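Novice: Predicted model and sequence follow; I will ask about them next.
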Amino acid sequence: MRPVWRMDTPDGVIRVAPEAIARLAGYAAGEVYGVVDFAPRGRIKDEVSERLGRRTYRRGIDVSVEDGGLRVTLYLVVRYGTKISEVAMNVQAHIRHQLREALGVGEVRVDVFVEGVR
C-alpha cells in the first residue's frame, strides 16, 4: 500500500493520496509570480505530457509523508529577470499555507529546486 497522509477524527479516518497533495501544491506554486513551469523529473508520464504540450500540476512535484507531516519537493522553471531566491521563498510560504489550510496538517516542509530560467 502506498503511503498516504492520514488524520484520525472522531467520525473516522481521513486519507489523502500523495497525488492529490501534489496537485494542491502544484496549483499553489502556479499562483506565485515568477513560476513559469514545472520541470519533469524523469518520469515517463511527465515526459510524454511535456512533449504533448500539456501542463500537469503533478509534474516536477514529489510528496512524501514523514512523521505525521508532509515533505513536498518541487522542481521549477522561473521567469527570467525575477529574483530566484525570492520566488523560491514565496513558493515555500504559499504551499505551506495552502496545505495547512486544506489538510489541517501542522508540519509541512517544502524543498524547491530551480531547474531552469525562461
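Specialist: On my side now, so go ahead. Numbers count the residues shown, from 1 in each chain.
Novice: So the spatially most central residue of the chain: helix, strand or coil?
Specialist: Centroid-nearest residue in the chain, with CA atoms, centre = their mean: A25, separated by 3.5 Å. Of the three states, A25 takes helix under DSSP: H, G, I helix; E, B strand; the rest coil.
Novice: Begin at 783 from now on, thanks
Specialist: Noted, 783 is the first residue going forward, which turns the last one into A807.
Novice: If I follow the layout properly, D844 ends up in contact with A821?
Specialist: No - here D844 does not reach A821: they are 11.8 Å apart, not a contact under CB atoms under 8 Å. To be clear about C-beta, it is placed using only N, CA and C from the backbone, and glycine gets the same treatment.
Novice: returning to that earlier point: let me know the pLDDT of the residue nearest to the centre of the chain.
Specialist: Listed pLDDT for A807 reads 96.
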